[in-house]
Every structure is written in C-alpha cells, then in structure tokens.
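Chemist: Model the following, please.
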Amino acid sequence: MKTKPFIVAGVVVTLILAGFVSLFASTSPDGLESVLLTGCDTADGEITGGDCVLEAAGEHEIGGVFADYGMSFLDNEILGASLAGILGVLLTLAVATGFFRLLARGKRPEPSGNETA
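Modeler: Okay, the predicted model is just below:
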C-alpha cells in the first residue's frame, strides 16, 4: 500500500468525522465535567446547590476561539461545531507535521565520503 494515498484518506475521514459526525455526539457532560459535578444539585444544566468542586469554578476570564466545542464568534451552533472540529483537526495536523519534520531533520545520515558519483 502506498503511503501518500493512505494518509490523504485518513485525513479526509478524520475531517468528515470531526466536521459532521461530531454533531451527533452526546450533549451530556464529558467525564471530567461529570466528576466535577459530583455532589452538586443541578437543574437545566445549572448548579442549584450542593457541595462540589465545580461550584467554586467561575466562567473563563479569557474566552477561547474553540470554547465549548464551537466557534465563539459564530451565532450558528451547528456551523460553529463543524468548523471547530475541522479547524481543530487541521491545526493539530499542521503542528504535528511541523514537529515531525523538525524531528526528521536532525536524523539525516551524514555522507561517509566513500560514495562514488
């Protein structure tokens, strides 16, 4: 199997999953948020009482572009979630590609001088 078509197919599948299939993900709290909510009384997603770690937490002082798995500057929630997934994959791919290129640059073998042209 050739490497380039395999990688391109993998990136395309990942972009489809991140941009479209992720819209069908559960809206329930993730694992970390569930643990932090242990001991809290909640109603409609808001803490109404109890004693838990998340009760002491405040809102983020500095909003992120990808906050809450969406795009903070878009009003359309579906478009924001799709765009956040796609841009997240592309950003991760760019950082990983740059890192591995830097890593590979340092591992090139030195010419021994015994080769004939």
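Chemist: Need the mean per-residue confidence for the strand or helix carrying T42.
Modeler: When elements are defined using DSSP states H and E, T42 is found to belong to strand 40-43. Mean pLDDT, computed over strand 40-43, is 74.
Chemist: pLDDT at the spatially most central residue of the chain, what is it?
Modeler: Centroid-nearest residue in the chain, with Cα atoms, centre = their mean: G88, separated by 5.0 Å. Turning to G88, the model gives it a pLDDT of 90.
Chemist: roughly how far apart are the nearest residue to S22 once chain neighbours are set aside and L32?
Modeler: Leaving aside its chain neighbours, S22 sits nearest to G85 (4.9 Å; criterion: Cβ to Cβ, 6 or more residues apart in numbering). Yep, even glycine has a C-beta here, placed from its N, CA and C like the rest. For G85, the distance to L32 (Cβ to Cβ, to the nearest Å) stands at 19 Å.
Chemist: Which strands or helices does the helix ranked longest in the chain pack on?
Modeler: In the chain, assigned by DSSP state H, the helix with the most residues is helix 77-105. Under the contact criterion of 3 or more Cβ pairs under 8 Å, 6 or more residues apart in numbering; DSSP states H and E, helix 77-105 touches helix 3-19.
Chemist: So which bits of the helix it packs on are buried?
Modeler: With burial defined by 16 or more other Cβ atoms under 10 Å, the residues of helix 3-19 counted as buried are T14, A18, G19.
Chemist: Please convert those residues to a markdown table, extending it with pLDDT and distance to R105.
Modeler: Converted to a markdown table, the buried residues of helix 3-19 look like this (pLDDT from 0 to 100; distance: Cβ to Cβ, whole Å):
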| residue | pLDDT | distance to R105 |
| --- | --- | --- |
| T14 | 94 | 25 |
| A18 | 90 | 29 |
| G19 | 90 | 32 |
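Chemist: Compare neighbour counts for G85 and L32 and give me the winner.
Modeler: G85 (24 against 9; other Cβ atoms under 10 Å).
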